[in-house]
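Visitor: sequence isn't available, so here's the structure alone:
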């Protein structure tokens, strides 16, 4: 029997966005670019390869603003752009840094490199420098990495079509990330979110989180996701960020450089 497909309703925007998130996550890896703010002159940008399922990444960052101060001894620090001023470093007007982000045992290590990471014949990303400075961050590897913005898509609660095909305006409730996390990750997810802004993990933050998602109609993959916040100006703020993904499924196996003899 022939079925008339003209009466088939298009998928609900929220289902489209959630399905795109799941489809993109299934590819595991991608090349990425990341910037803040979303519009206007770029303050900080980053690009490289990322494993969307672990938070591992190669990263080259460029900043035109002062990097963050060094973290207090014994205290965790959340790093989204990879820029930390180490003791004794000067702060030029523009700075480029290279790093590997390596997740291990619930934490994320940032290994600062002399130059861009290189890829071997097996697709593993490493660097010739083995004595690089390493910063271990007590954050959830997925939410403290450059792929963090992508993982926020799991917390989308509403979606509406925007002004172009495959483009959607979304609202997020980041407390869902805590509820959905594996019990062993739940406390670290909560702490990581509340370091960004108090109350994010419980849904009681003073600011609301929203964004724009772009989905490739042909592949169903997420190609970009921007995040902004609205609310009172006082207190910690989430920087508006734009994450763009391409070459979904490209090799991005990040490994720690071997120790030098």
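Guide: The structure has been received and is ready for your questions. Owing to the predicted nature of the structure, the values given are computational and were not obtained by experimental measurement.
Visitor: I figured residue 56 hits residue 101, correct?
Guide: Yes - between residue 56 and residue 101 there is a contact under C-beta atoms under 8 Å: 6.0 Å. Where you see a C-beta, it was placed from the backbone N, CA and C, and this is true even at glycine.
Visitor: can you check which residues contact both of the two?
Guide: 145, 254 (C-beta atoms under 8 Å, 6 or more residues apart in numbering).
Visitor: the stretch 151-261 of the chain: strands as residue ranges?
Guide: Here the stretch 151-261 of the chain has its strands, by DSSP state E, counting those that start in this stretch, at 156-161, 167-172, 208-215, 222-230, 241-246, 253-254.
Visitor: now tabulate the ones you listed in a markdown table and tack on distance to residue 42 and mean pLDDT.
Guide: Below are those laid out as a markdown table (distance: least, C-beta to C-beta, whole Å; pLDDT from 0 to 100):
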| stretch | distance to residue 42 | mean pLDDT |
| --- | --- | --- |
| strand 156-161 | 26 | 94 |
| strand 167-172 | 22 | 94 |
| strand 208-215 | 17 | 91 |
| strand 222-230 | 13 | 90 |
| strand 241-246 | 10 | 93 |
| strand 253-254 | 25 | 72 |
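Visitor: in JSON lines, list those along with distance to residue 113 and mean neighbour count.
Guide: Below are these laid out as JSON lines (distance: least, C-beta to C-beta, whole Å; neighbours: other C-beta atoms under 10 Å):
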{"stretch": "strand 156-161", "distance to residue 113": "35", "mean neighbour count": "15"}
{"stretch": "strand 167-172", "distance to residue 113": "33", "mean neighbour count": "19"}
{"stretch": "strand 208-215", "distance to residue 113": "31", "mean neighbour count": "20"}
{"stretch": "strand 222-230", "distance to residue 113": "27", "mean neighbour count": "20"}
{"stretch": "strand 241-246", "distance to residue 113": "22", "mean neighbour count": "21"}
{"stretch": "strand 253-254", "distance to residue 113": "12", "mean neighbour count": "20"}
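Visitor: okay if I get the ones you listed as CSV plus distance to residue 143?
Guide: Listed next are the strands of the stretch 151-261 of the chain as CSV, based on distance: least, C-beta to C-beta, whole Å:
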stretch, distance to residue 143
strand 156-161, 15
strand 167-172, 13
strand 208-215, 13
strand 222-230, 13
strand 241-246, 13
strand 253-254, 17
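Visitor: go through the ones you listed and name the closest to residue 97.
Guide: Residue 97 sits nearest to strand 253-254 of all the strands of the stretch 151-261 of the chain, at 16.1 Å, using C-beta to C-beta.
Visitor: from the chain's centroid, how far away is that closest one?
Guide: Mean-position distance between strand 253-254 and its chain equals 16 Å (C-alpha atoms, centre = their mean, to the nearest Å).
Visitor: so which elements touch that strand?
Guide: Applying 3 or more C-beta pairs under 8 Å, 6 or more residues apart in numbering; DSSP states H and E, one finds that strand 253-254 contacts strand 44-51, strand 95-104, strand 124-126.
Visitor: quick one, what contacts the closest residue to residue 227 other than its chain neighbours?
Guide: Distances taken as C-beta to C-beta, 6 or more residues apart in numbering place residue 211 nearest to residue 227, at 4.4 Å, with adjacent residues excluded. By C-beta under 8 Å, 6+ apart, the contact set of residue 211 is 152, 169, 170, 172, 225, 226, 227, 228.
Visitor: which of those sits closest to residue 20?
Guide: residue 225 (9.7 Å).
Visitor: surely the closest one is in contact with residue 151?
Guide: No - the pair residue 225 / residue 151 is not scored as a contact, 10.0 Å apart, by C-beta under 8 Å.
Visitor: could you pull up the mean pLDDT of stretch 25-38?
Guide: For stretch 25-38, the mean per-residue pLDDT is 91.
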